[in-house]
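# Need a 3D model of the following:
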Amino acid sequence: MNFDLLHPRDQIEHTMARIYGRDMTTTSGGNISVRDEDGHVWISPARVDKGTLSRKDIAKVALSGEQLEGPYPPSSECPFHLSIYRARPDITAIIHAHPSALVSFSICGQVPDTRVFPEARNVCGEVAFAPYALPGSEQLGIHIADQFAASEDTLCVVLENHGVVVGGAGLADVFKRFETLEFTAKTIIQAKSIGNLHLLDEAGMAMAKARLPDLPTCEPQVPCSRERELRKEICDFIHRAYEHGLVTSTWGSLSARIDEDSFLITPYRVDRASLDLEDLIVVRGGRCPVGTRPSRAVHLHAAIYAAHPEMYAVINALPVSATAFSVSDAVLDTRTIPESFLFLKDVPKIPYETVLSEPEAVAEAMGPDNPVALLEHNGALVAGKTVLDAFDRLEVLEATAEAIIQSKPLGKITPMDDAVIEELLKAFGRV
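Residues are numbered from 1 along each chain as shown. Here you go, the predicted model:
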C-alpha cells in the first residue's frame, strides 16, 4: 500500500490506530495532524476515544484556526500544530503523544541522546526541549514553534512535563521518527539501569555513513517453489517480530537461505508491519535484481551463510532489553535458567567498528555453538537452522535480557554454576 495515496483522514485514522495499538498513547491522549496541498490542516478531534477513532471523526481547519469540516471540534492542542506549520513550511505532518519512555524524559527535564544508535541519529536528529506551558495555550504554541523554528534540522521536541511532538514531510515519515525516538528512549532507560551508557562520537557516526558498497546487480529469475515458500515464512515472522517489539517499522532484517548460492532478505527502509511477498529481495551469487535495495545488513548475512553452511536463517533485531546490553558496559549472562543457556550459549558482544566494516569477522564469531551475538549500537544478531529456530532464539534472548533487568531491584542474580552447566550439556547437548 502506498500510504501517501491515502486521504489525510485515512492517514490519521490508520496512524492513530497503530500508535494506540502499540501502547504509545492513551484513550484521551495525543493528537495527529496533516497539512494538505491547499494549506488546510486535518487533525484528530477533541474528546473522541483514540481506540475507536474513524475517518469521519477527523476535523479540517484553516491555518487561521477556523474549523471547516468535522462533527467534533479539533484537538485542544490544535493551536500548537498550527504554530508549527506557520514556523516550518517544510513540515506537513505532526504527531503529539505521551509514550511512556519519552514522558519519563519529559518529567525529568531531559531529552534522549540519539547518538546511542546511528539509525536514531539519522532518523530523529538532535532532540530539542520546550519549557512547560498550559496545554492548549498560545504560550505552549510559542514555546514549541520556537524550538522548531530555531533549526530546520529540528524534527523532535520533548515537552516539559507533557510528552513529545514530532514533525516531518509526510505522516508515514513522522510515524517512523516517532517510533524510533520512543524505542531509543526505552533503550537508554534500560541501559542506564544496568550499567554505563555508551554514546557514539563523531568518528563513530561518520563510520556508519561510510557503509559497505551496494551489491552488483543481475536480472531477476523465476522463483522456485522453495523461494515462494520462504517468502511467506519471512513475511509472517517479520510481522510477528514487529508485533512483539523485536524490530521497528524500518529497522531490523531477516533472511533465509534458498540454496547454497542464494538467499532472500528484507529490503531497506520498507515498513516491517506491512511487508509483503514482492518486497523481499533475492541475493544470488552476491548479486541482487536491478532496481532493488536489500537491507544494509546484507553483507553480514551473506558472510554468515558463506562461513556456516548449516545456518539457514539470520535475523538482525532490536529487542529493547537485549539492545540495552549492546549500548552499555553490562554483560548479558545467559546462565540464568536452563532454556536461556541451552538456546543462547554464551553471547559475545561484537565491537561497533567490526560490525560496520568486517562482516567476515562477525561471521567467524557466530556458529552452532555461538548462534547469538550482541552488536554494539546495533542490537542483536541471531542465526538458526530454520527461520523458526532463529526467531525462537531471538525471543529467548529478549526474555532473558528482560528478566535480568527486572531483577535489578530484587538484588544480585545467582547464575547457574559450572557443574549445573555441565549437567545441562550432557543431558541436552546442542539445542
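# Give me the contacts around stretch 10-28.
3, 6, 30, 32-34, 42-44, 47, 49-51, 53-55, 58, 93, 95, 97-100, 171-172, 175, 178-179, 182, 245, 273 (CB atoms under 8 Å, 6 or more residues apart in numbering). To be clear about C-beta, it is placed using only N, CA and C from the backbone, and glycine gets the same treatment.
# least trustworthy helix or strand in the chain by mean pLDDT?
helix 202-209 (a mean of 90; mean pLDDT, DSSP states H and E).
# related to what we said a few turns ago, take the contacts of stretch 10-28 and keep only those in helices.
Taking DSSP state H, the ones among the contacts of stretch 10-28 that sit in helices are S100, L171, A172, F175, F178, E179, E182.
# one step back: any idea of the mean pLDDT for the helix or strand that the least confident helix or strand of the chain is followed by?
Next in sequence after helix 202-209, counting helices and strands by DSSP states H and E, comes strand 217-218. Per-region confidence: strand 217-218 scores 92 on mean pLDDT.
# Let the chain start at 13 from now.
New numbering, starting at 13: the last item is strand 229-230.
# Now do strand 229-230: which elements does it pack against?
When contacts are defined as 3 or more CB pairs under 8 Å, 6 or more residues apart in numbering; DSSP states H and E, strand 229-230 sits against strand 300-301.
# Give me the next element, helix or strand, following the strand it packs on.
helix 310-319.
# And for that next one, what's in contact with it?
Counting by CB under 8 Å, 6+ apart, 224, 227, 265, 267, 269, 275, 277, 295, 298, 300, 307, 323, 326, 328, 367, 371-372, 374-376, 378-379, 393, 395 sit against helix 310-319.
# if you go through the stretch 113-262 of the chain in chain order, where are the helices?
130-136, 150-162, 183-206, 214-221, 237-255 (DSSP state H, counting those that start in this stretch).
# circling back: give the buried subset of the contacts of helix 310-319 as a ChimeraX selection command.
Burial among the contacts of helix 310-319 is assessed by 16 or more other CB atoms under 10 Å; the matching ChimeraX selection reads:
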select :227,265,267,269,275,277,295,300,307,323,326,328,367,371,374,375,378,393,395
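# ok so, going back, and the least confident helix or strand of the chain, what's buried?
Quick answer for helix 214-221 (16+ other CB under 10 Å): G216, M219, A220.
# Show me the shaky parts of the chain.
442-443 (pLDDT under 70).
# How is it partitioned into domains?
Per automatic domain parsing, the structural domains of the chain span 15-206, 225-440.
# Let me have those in a markdown table, extended by distance to L212.
Shown next, in a markdown table, are the domains of the chain (distance: least, CB to CB, whole Å):
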| stretch | distance to L212 |
| --- | --- |
| domain 15-206 | 5 |
| domain 225-440 | 6 |
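# Dump the helices of the stretch 113-262 of the chain into CSV; add distance to H93 as well.
Converted to CSV, the helices of the stretch 113-262 of the chain look like this (distance: least, CB to CB, whole Å):
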stretch, distance to H93
helix 130-136, 19
helix 150-162, 8
helix 183-206, 12
helix 214-221, 31
helix 237-255, 28
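# which of the ones you listed sits most buried?
helix 183-206 (a mean of 23; mean count of other CB atoms under 10 Å).
# angle of it against helix 112-119?
70 degrees (axes from the mean of the first three to the mean of the last three CA atoms, to 10 degrees).
# starting at the chain centroid, how far to helix 183-206?
Relative to the centre of its chain, helix 183-206 is centred 7 Å away, using CA atoms, centre = their mean, to the nearest Å.
# Can I get it as PDB, trimmed to CA atoms?
Taking C-alpha atoms only, helix 183-206 is exported to PDB below (Å, rounded to 0.1, in the frame of the first residue of the first chain):
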ATOM      1  CA  LEU A 183       2.800  11.200   8.100                       C
ATOM      2  CA  ALA A 184       4.400   7.900   7.300                       C
ATOM      3  CA  ASP A 185       7.800   9.500   7.800                       C
ATOM      4  CA  VAL A 186       6.700  11.200  11.000                       C
ATOM      5  CA  PHE A 187       5.500   7.900  12.500                       C
ATOM      6  CA  LYS A 188       8.800   6.200  11.800                       C
ATOM      7  CA  ARG A 189      10.600   9.000  13.500                       C
ATOM      8  CA  PHE A 190       8.200   9.000  16.500                       C
ATOM      9  CA  GLU A 191       8.500   5.200  16.900                       C
ATOM     10  CA  THR A 192      12.300   5.300  16.600                       C
ATOM     11  CA  LEU A 193      12.600   8.000  19.200                       C
ATOM     12  CA  GLU A 194      10.400   6.100  21.700                       C
ATOM     13  CA  PHE A 195      12.500   2.900  21.100                       C
ATOM     14  CA  THR A 196      15.700   4.900  21.700                       C
ATOM     15  CA  ALA A 197      14.300   6.400  24.900                       C
ATOM     16  CA  LYS A 198      13.300   3.000  26.200                       C
ATOM     17  CA  THR A 199      16.700   1.500  25.400                       C
ATOM     18  CA  ILE A 200      18.500   4.300  27.100                       C
ATOM     19  CA  ILE A 201      16.500   4.000  30.300                       C
ATOM     20  CA  GLN A 202      17.100   0.200  30.400                       C
ATOM     21  CA  ALA A 203      20.800   0.600  29.600                       C
ATOM     22  CA  LYS A 204      21.300   3.100  32.400                       C
ATOM     23  CA  SER A 205      19.600   0.700  34.800                       C
ATOM     24  CA  ILE A 206      22.200  -2.000  34.200                       C
END
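# And M219, how far from P363?
11 Å (CB to CB, to the nearest Å).
# Could I get the full set of strands for the stretch 313-443 of the chain?
325-329, 361-362, 384-387, 391-396 (DSSP state E, counting those that start in this stretch).
# Same check on the stretch 13-162 of the chain?
Under DSSP E, counting those that start in this stretch, the stretch 13-162 of the chain gives strands at 43-47, 53-55, 71-73, 79-81, 105-109, 140-142.
# Check which helices and strands the least confident helix or strand of the chain sits against.
Using 3+ CB pairs under 8 Å, 6+ apart, helix 214-221 sits against helix 130-136, helix 364-369.
# which one of those helices lies closest to C120?
Evaluated over these, closeness to C120 peaks at helix 130-136, with 18.4 Å, by CB to CB.
# Packing partners of that closest one?
Using 3+ CB pairs under 8 Å, 6+ apart: helix 130-136 touches helix 183-206, helix 214-221.
# Find the centremost residue of the protein, please.
The centroid of the chain falls nearest to T260 when counting by CA atoms, centre = their mean (2.7 Å).
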